[in-house]
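> structure for the following, please:
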Amino acid sequence: MAAHLETWSKEEIRAVIRFLNAKSLNPTEIHKELQSLFGEHVISRTQVYHWCNLFEAGHSDLTDREERGRSITATSEDNLKRVDELIRQDRRLKLHEIESSLEISETSAHRIVFNELGYRKVSARWVPKQLTGNHEEQL
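The predicted structure follows:
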């Protein structure tokens, strides 16, 4: 049995899949070869089938395609500043008021307020999770 390669990249795995696919091995055989060379958890058999189908359809690029879809714009620096300003102006502001004011989704507003800015709701007021000397003076 051959020694397992310790380090490898996705592109190297895909190159081996492409090579073995060109030698007319079926995806199950390719998967077994990959496991013997790179280790048991190298890539799933489903992914081997996926890449074999792509190569048979004429695909030759070994890198991942850039994901389609809308980029994440709601958590931009501008929106972070705007949400922080809104909360500082009115500490009793509700989450849905932030959403409608900035025209962002509920999930984005929640992520900005709780995860990015670190606020939490205490007695119907927004307060930073850990007050610093600067925050205490502003309250």
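> domains for the chain, by residue range?
10-56, 77-138 (automatic domain parsing).
> out of these, which is the most enclosed?
Most buried of these by mean neighbour count (mean count of other C-beta atoms under 10 Å) is domain 10-56; its value is a mean of 15. C-beta here means a position set from N, CA and C on the backbone, and glycine is covered the same way.
> after the helix or strand containing Q35, next one along is what?
Following DSSP states H and E, one finds Q35 within helix 27-38. Moving toward the C-terminus from helix 27-38, the next helix or strand (DSSP H and E) is helix 45-56.
> show me what that next one is packed against.
helix 10-22, helix 27-38 (3 or more C-beta pairs under 8 Å, 6 or more residues apart in numbering; DSSP states H and E).
> redo these as a markdown table? Include mean pLDDT and distance to I98.
A markdown table is the format used below for those (pLDDT from 0 to 100; distance: least, C-beta to C-beta, whole Å):
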| stretch | mean pLDDT | distance to I98 |
| --- | --- | --- |
| helix 10-22 | 94 | 40 |
| helix 27-38 | 93 | 48 |
